[in-house]
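Colleague: coordinates only, sequence not included:
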């Protein structure tokens with residue numbers, strides 16, 4: 001089960017991600033983030049400390065969010081990324097186009 005929760009919206013949009021985000025839930029993940037960003041355009045940060053699993057579909061969703069945020073002149077950061085999740089970003093070289101902090 002995945003959970004996307006907007007935990008801060010003052011200076012930037014901070015989303016807490018938990019559980020698993022995969023092909024079955026990535027559309028909902030994108031919709032929630034996209035809706036919040038369209039309503040209040042700011043830098044976007046994902047707290048991934050409780051995110052336990054993602055798949056290739058979710059990687060694509062992160063890229064889609066990054067493109068949307070960058071097109072509007074804002075930044076996106078993934079923080080507290082677990083090693084097993086970060087490994088997927090590294091394998092696909094996505095760590096070269098987005099900021100990922102462990």
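Modeller: That came through, no problem. This is a predicted model, so every value here is computed, not measured. Numbering: from 1, shown residues only.
Colleague: chain center to stretch 57-65: distance?
Modeller: Taking the mean of its C-alpha atoms, stretch 57-65 sits 8 Å from the chain's own mean (CA atoms, centre = their mean, to the nearest Å).
Colleague: and what of stretch 16-36?
Modeller: Counting by CA atoms, centre = their mean, stretch 16-36 is centred 8 Å from the centre of its parent chain.
Colleague: What of stretch 91-100?
Modeller: 12 Å.
Colleague: Ok, stretch 60-74 next?
Modeller: Centre-to-centre, stretch 60-74 and its host chain are 10 Å apart (CA atoms, centre = their mean).
Colleague: helices and strands of this structure: which one has the lowest mean pLDDT?
Modeller: Ranking every helix and strand in the chain by mean pLDDT, DSSP states H and E puts strand 2-8 at the bottom, with a mean of 86.
Colleague: what residues does that one touch?
Modeller: By CB atoms under 8 Å, 6 or more residues apart in numbering, the residues outside strand 2-8 that reach it are 13-22, 25, 28-29, 32-33, 36, 47. Using the backbone N, CA and C atoms, a C-beta is placed for each residue, glycine as well.
Colleague: Recalculate using a threshold of 7 Å.
Modeller: 13-21, 25, 29, 32-33, 36 (CB atoms under 7 Å, 6 or more residues apart in numbering).
Colleague: and it, how far out from the chain's middle?
Modeller: Between the centre of strand 2-8 and the centre of its chain there are 10 Å (CA atoms, centre = their mean).
Colleague: what's the answer for stretch 70-86, then?
Modeller: Here the centre of stretch 70-86 is set off from its chain's centre by 6 Å, with CA atoms, centre = their mean.
Colleague: Please work out which residues outside it touch it.
Modeller: Taking CB under 7 Å, 6+ apart as the rule, stretch 70-86 contacts 41-49, 51, 54, 65-66, 69, 98-102.
Colleague: One more: stretch 17-27?
Modeller: With CB under 7 Å, 6+ apart as the test, stretch 17-27 has contacts from 1-4, 29, 46-48, 50-55, 57-58, 61.
Colleague: Buried ones only from the residues you listed, please, as a ChimeraX command.
Modeller: Buried members of the contacts of stretch 17-27, defined by 16 or more other CB atoms under 10 Å, are picked up in ChimeraX with:
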select :2,3,4,29,46,47,48,51,54,55,58,61
